[in-house]
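>>> How does the following fold in three dimensions:
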Amino acid sequence: MCSAAPRDWLPIALAPDDCDLELGHVGAAGVEPLRFPCRRKSGVWYNVWRDEALLIHPTHWRSWR
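Okay, the predicted model is just below:
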């Protein structure tokens with residue numbers, strides 16, 4: 001259910017499939033967001049705008065704004 005997704009960061013293990021999401025990873029300043037929507041396909045995270053697999057492993061997610 002994509003439309004009811006929260007704006008607070010949640011663990012990546014709880015991320016829904018088939019939704020455009022904002023992903024983040026833990027950095028020096030806390031959770032650092034990626035600046036593009038992402039979607040999981042067959043267990044692999046993709047940049048929606050470029051249809052390219054991510055080279056990092058996200059740790060958190062929230063709804064794409």
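>>> which residue packs closest to residue 49, ignoring adjacent ones?
Once its chain neighbours are removed from consideration, residue 49 has its nearest residue in residue 36; the separation is 5.1 Å (C-beta to C-beta, 6 or more residues apart in numbering). C-beta: built from backbone N, CA, C; applies to glycine.
>>> so how many other residues sit close to that neighbour?
For residue 36, the number of neighbouring residues by other C-beta atoms under 10 Å comes to 16.
>>> Hmm, residue 48 and it touching each other?
Yes - applying C-beta atoms under 8 Å, one finds residue 36 in contact with residue 48, separated by 6.7 Å.
>>> Distance-wise, check residue 38 relative to residue 30.
With distances taken as C-beta to C-beta, to the nearest Å, residue 38 is found 19 Å from residue 30.
>>> Looking at the two, which is more packed in?
For the pair residue 38 and residue 30, the greater number of neighbours falls to residue 38 (21 against 9), based on other C-beta under 10 Å.
>>> Could you measure from the more buried one over to residue 60?
Computed with C-beta to C-beta, the distance linking residue 38 and residue 60 is 12 Å.
>>> Overlap of the contact sets of the two?
Common neighbours of residue 38 and residue 60 are listed as residue 23 (criterion: C-beta atoms under 8 Å, 6 or more residues apart in numbering).
>>> how close does the residue nearest to residue 49 sit to residue 20?
10 Å.
>>> okay, and the common contacts of those two?
Counting by C-beta under 8 Å, 6+ apart, the residues touching both residue 36 and residue 20 are residue 48.
>>> what's the single longest strand in this structure?
Scanning the chain for the longest strand, with DSSP state E as the assignment, gives strand 21-27.
>>> list the helices and strands it packs on?
Judged by 3 or more C-beta pairs under 8 Å, 6 or more residues apart in numbering; DSSP states H and E, the packing partners of strand 21-27 are strand 30-33, strand 38-41, strand 60-63.
>>> And residue 48, how far from residue 28?
From residue 48 to residue 28 the distance is 27 Å (C-beta to C-beta).
>>> Apologies, that question was intended for residue 45.
Distance of residue 45 to residue 28, computed by C-beta to C-beta: 22 Å.
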